[in-house]
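**Student:** with the input below, show me the fold.
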Amino acid sequence: MAPKRGLSFGKNRGKGSCFPVLGFVLLCVLAPVVFFFGRGLYAADQDYGSAFPSRQVSKQREWRALQDLKSHFSKEVFDVIVSSTNDLGPLSLDNIRKNLSASWRVVGSQTSSPRYELNQPTMHVIQEKTKVKEGRTSVGLAKRTDNAAQQSRRQLIEKRREKRAADLVKLDNEAIAKLENTAIERSKSVESAVLGKYSIWRKEIENENADSTVRLMRDQNIMARVYLSIAKMKNKLELYQELQSWLKESQRALGDTISDADLQHSSHEKIKALGQVLSKAREQLYDCKLVTGKLRAMLQTADEQVRSLKKQSTFLSQLAAKTIPNGIHCLSMRLTIDYYLLPPEKRKFPGSENLGNPSLYHYALFSDNVLAASVVVNSTITNAKDPSKHVFHLVTDKLNFGAMNMWFLLNPPGQATIHVENVDDFKWLNSSYCPVLRQLESSTMKEYYFKAGHPTTLSSSASNLKYRNPKYLSMLNHLRFYLPQVYPKLDKILFLDDDIVVQKDLTGLWDVDLNGKVNGAVETCGESFHRFDKYLNFSNPHIARNFDPNACGWAYGMNIFDLKEWKKKDITGIYHKWQNMNEDRVLWKLGTLPPGLITFYGLTHPLNKAWHVLGLGYNPSVDRSEIENAAVVHFNGNMKPWLEIAMTKYRSYWTKYVKYNHPYLRNCKLNEHS
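**Tutor:** Coordinates of the predicted model:
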């Protein structure tokens with residue numbers, strides 16, 4: 001037989017608590033009628049059999065209707081109808097589902113038709129109502145029933161609120177746990193990618209990275225310092241002394257070591273001993289918040305130290321780039337003394353007739369560094385197909401004039417011609433003709449360079465220090481804008497900086513068609529880097545009106561100049577015009593590249609990049625194949641190859657052309673590793 005379907009109340013479902021389907025239908029049909037009588041029906045029902053009030057005729061009609069209804073339903077069902085009407089309004093199936101949704105649940109059956117049952121608290125309310133004795137007064141009974149129903153509803157609401165709160169807490173806990181798990185996964189990926197697979201407390205053999213022992217020792221030292229601080233704070237003196245002792249041993253064994261191969265054999269024993277002490281400290285002192293706080297404080301302190309050291313490093317690197325090593329200074333002094341000890345007739349170079357011959361290959365080299373100039377000349381001659389056709393015009397200052405002459409007298413460039421001049425002998429190069437000389441002699445420029453209280457002096461910032469390089473005070477740096485005046489008989493000349501190395505024959509540059517341009521140079525821009533807006537002040541209307549901020553920059557250091565076109569276009573006059581406008585340094589900072597970009601704007605022919613590769617003085621990632629294939633490599637930047645701060649990976653390209661076995665270099669203790 002199919003099971004019976006109907007309303008089941010709480011746990012008391014069964015034969016005694018079920019009423020027929022017809023009763024349920026009548027309940028739904030007659031509920032609005034019950035609601036029409038209002039809350040007074042319940043009171044009237046409880047007074048059934050007592051003296052009936054005679055004040056209102058309508059009450060009599062209501063009472064008769066009630067008697068008719070009660071003849072169709074049992075007492076229990078009728079109480080349910082009245083109670084539901086009092087609390088929830090008209091008793092309908094939709095209204096019950098809407099207002100008591102949490103108290104109803106579908107009871108599965110063998111058929112597809114569901115049964116609905118009320119939960120236990122609702123049944124409790126109904127049972128409480130049915131237990132009321134008929135002998136009590138109608139007012140008292142109604143009040144008591146209302147209080148019980150309301151109390152039950154409040155309890156039900158409270159339970160629902162508690163359930164919702166528990167669900168929210170559960171969701172919150174799940175979200176926190178999810179975030180924590182995500183953070184743990186991220187930390188695992190960082191640990192494996194950056195730190196390697198090892199632990200502070202034990203080494204993991206699987207996939208062990210190179211030099212992981214050194215990193216393990218460093219991490220042990222960090223944790224030892226953390227527990228030292230905590231042990232001192234908690235007055236654990238014995239543990240404090242033990243940690244301090246083994247930390248010193250570990251630091252002594254580690255020293256400045258950066259690879260496992262450099263560690264001593266006893267280091268592993270010290271790692272083991274310190275690890276045991278750390279395990280003991282962890283058992284006695286570990287507190288997550290305290291350890292985290294200590295590590296965070298150490299991290300902040302280390303970060304501040306790094307920033308401070310970076311500033312010092314920038315300042316010192318700028319300072320080191322301006323200094324002359326003791327060995328080179330010694331070389332210059334010894335050569336100068338010996339030069340002036342020579343008789344005048346032995347101070348002359350052969351081949352003076354070649355100096356004005358336009359059919360030969362002429363080079364302009366302006367330098368005050370004897371060793372650097374020797375590398376430029378030596379590397380050029382070594383790689384030249386016919387050295388006899390090469391002529392070097394070397395200009396230096398008064399201090400190094402004797403040293404330059406003496407070096408090349410002792411070390412002549414084979415069949416090539418060389419000539420050394422003193423820039424101070426160019427009497428036409430004076431402040432009345434040259435704007436930069438006039439500016440260098442002005443009081444404002446002297447204040448800019450030498451007054452300690454000036455807002456842009458050396459002490460103000462390391463970034464401004466690079467603009468105070470002594471080379472900017474020397475006319476050797478600006479002589480490149482006067483090539484036709486220095487060499488009036490020449491048609492073309494190749495300008496070389498003293499920090500370059502020549503690796504191939506350069507005679508092909510004289511055959512490059514410049515297409516009517518004055519300057520042949522390798523362009524340096526890539527995307528937005530090394531374009532005009534990097535060097536010039538485009539907030540100034542003179543710059544913004546005359547130049548394109550995205551125009552491509554080019555490199556000084558190896559430039560082929562057409563001196564005939566130079567004279568036609570009055571390049572020196574253009575340079576003078578812009579240099580006069582920049583007296584207050586509002587168009588560009590000090591230097592020769594910005595005025596060069598302005599002066600040769602629209603007059604520069606781009607050369608093949610293989611002629612000139614730059615960056616060996618600042619860029620550690622220059623492609624080695626580009627260096628090997630380049631005709632000229634340029635050590636532009638602070639890390640010059642003759643300085644201690646030079647990059648080791650590039651230094652051999654320069655040192656191969658230095659004669660370290662020369663007596664003067666040995667006497668001045670100049671060697672390949674100095």
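**Student:** what about Arg154, neighbour count?
**Tutor:** 10 (other C-beta atoms under 10 Å). (Glycine included, C-beta is placed from N, CA and C.)
**Student:** quickly find the element holding it.
**Tutor:** According to DSSP states H and E, Arg154 maps onto helix 138-190.
**Student:** against which helices or strands is whatever helix or strand comes next after that helix packed?
**Tutor:** Downstream of helix 138-190, the next assigned helix or strand under DSSP H and E is helix 212-233. In terms of contacts (3 or more C-beta pairs under 8 Å, 6 or more residues apart in numbering; DSSP states H and E), helix 212-233 is packed against helix 237-254, helix 267-285, helix 288-322.
**Student:** quick check: buried residues in helix 212-233?
**Tutor:** The neighbour-count check on helix 212-233 (16 or more other C-beta atoms under 10 Å) flags 212-214, 216-217, 219-221, 223-231 as buried.
**Student:** hmm, back to that, worst mean pLDDT among the helices and strands packed on helix 212-233?
**Tutor:** Across these, helix 288-322 has the smallest mean pLDDT, namely a mean of 83.
**Student:** how big is the angle separating it from helix 212-233?
**Tutor:** On the basis of axes from the mean of the first three to the mean of the last three C-alpha atoms, to 10 degrees, helix 288-322 is oriented at 120 degrees to helix 212-233.
**Student:** so what touches whatever helix or strand comes next after helix 288-322?
**Tutor:** Going down the chain from helix 288-322, the next helix or strand is helix 326-341, by DSSP H and E. Helix 326-341 is contacted by residues 324, 347, 369-371, 399-400, 402-407, 409, 642, 664-665, 667-670, 674 when judged by C-beta atoms under 8 Å, 6 or more residues apart in numbering.
**Student:** those in helices, which ones?
**Tutor:** Val370, Leu371, Gly402, Ala403, Met404, Asn405, Met406, Trp407, Leu409, Tyr664, Leu665, Asn667 (DSSP state H).
**Student:** report how many residues lie close to the last one.
**Tutor:** Going back to what we said before, that points to Asn667. 12.
**Student:** now swap in the fourth one and tell me
**Tutor:** The number of residues packed around Ala403, counting by other C-beta under 10 Å, is 27.
**Student:** could you measure from the closest residue to it other than its chain neighbours over to His419?
**Tutor:** Closest residue in space to Ala403, ignoring its immediate chain neighbours: Leu335 at 3.9 Å, by C-beta to C-beta, 6 or more residues apart in numbering. In this structure, Leu335 and His419 are 17 Å apart, going by C-beta to C-beta, to the nearest Å.
**Student:** more neighbours: which of these two?
**Tutor:** Leu335 (23 against 17).
**Student:** so how far is Ser367 from the more buried one?
**Tutor:** 14 Å.
**Student:** between these two, what contacts are shared?
**Tutor:** By C-beta under 8 Å, 6+ apart, Leu335 and Ser367 have these common neighbours: Met404.
**Student:** could you check how far Ala364 is from Val518?
**Tutor:** 15 Å.
**Student:** also Asn559?
**Tutor:** With C-beta to C-beta as the criterion, Asn559 and Val518 are 10 Å apart.
**Student:** and for Leu247?
**Tutor:** For Leu247 relative to Val518 (C-beta to C-beta), the value is 67 Å.
**Student:** check Thr572 too.
**Tutor:** On the measure of C-beta to C-beta, Thr572 and Val518 end up 11 Å apart.
**Student:** mind listing the shared neighbours of these two?
**Tutor:** With C-beta under 8 Å, 6+ apart as the test, Thr572 and Val518 both reach Trp566.
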